[in-house]
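*Asks:* With the sequence up front, the predicted model follows.
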Amino acid sequence: MAAASCTYSPVTRPQLTLSSSSSMSQEYLKTSYNSSFRVPKTRYHLPVISMRLESAVSEVTSRSWNPSVLKTETPVLVQFYTSWCEPCQMVHQLVDEIASDYAWQIECVAVNVEEEPRIAEEYDIKAVPIVLLFKNGEKRESVVGTMPKDFFVAAIERVLAS
């Protein structure tokens, strides 16, 4: 299985990184625009889908970050994503399943790094998708890129057991 992630930083432009060979041309992957956290000009090639419709995963903003993630006694799974990132959409489907499977044990939330860059910078998020697991306001586990559901479940079980 190929792990994929979308890389970004405040200085550089997003790049899709694939760990196995891909049929996508290098020219397609190169985007040019002036600032980070913006949808690349090639967005018409990517299906930009709102991942939050009919989802068990709630959206977190800067205002709701502290009460939803840091000040809660319930363990929290946080998915960092961008709307144009295809691997993020795949991970969101897994996180949505996990939110249903662990409905009474953990809270699942998502942060759009384009809209909430301060949160991403605070946790040194350089690539999406990334999932961080918090317990008692502390980051306990992380899963980077597209991974099988078992990776997420194992991380959740470790956090619940701690």
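*Replies:* Here it is on my side, so go on.

*Asks:* what helix or strand is Ile156 on?
*Replies:* helix 149-161 (DSSP states H and E).

*Asks:* Over to Lys139?
*Replies:* Residue-wise, Lys139 maps onto strand 138-144 under DSSP H and E.

*Asks:* Rounded mean pLDDT for that strand, please.
*Replies:* Confidence over strand 138-144 (mean pLDDT, whole number) is 93.

*Asks:* Could you tell me the angle between that strand and helix 149-161?
*Replies:* Between strand 138-144 and helix 149-161, the angle comes out at 170 degrees (axes from the mean of the first three to the mean of the last three CA atoms, to 10 degrees).

*Asks:* List the buried residues in strand 138-144.
*Replies:* For strand 138-144, the neighbour count (16 or more other CB atoms under 10 Å) marks Arg140, Glu141, Val143, Val144 as buried. Placement of C-beta: from N, CA and C, glycine included.

*Asks:* I'd guessed the first one sits against Leu160; true?
*Replies:* No. Between Arg140 and Leu160 there is no contact under CB atoms under 8 Å: 9.9 Å.

*Asks:* anything in contact with each of the two?
*Replies:* Pro75 (CB atoms under 8 Å, 6 or more residues apart in numbering).

*Asks:* where does the chain have low pLDDT?
*Replies:* 1-54 (pLDDT under 70).

*Asks:* Could I get the full set of helices for this structure?
*Replies:* Secondary structure of the chain (DSSP state H): helices located at 26-29, 62-65, 86-101, 117-122, 149-161.

*Asks:* how about those helices in a markdown table, adding distance to Thr74?
*Replies:* Listed next are the helices of the chain as a markdown table, based on distance: least, CB to CB, whole Å:
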| stretch | distance to Thr74 |
| --- | --- |
| helix 26-29 | 39 |
| helix 62-65 | 14 |
| helix 86-101 | 12 |
| helix 117-122 | 19 |
| helix 149-161 | 10 |
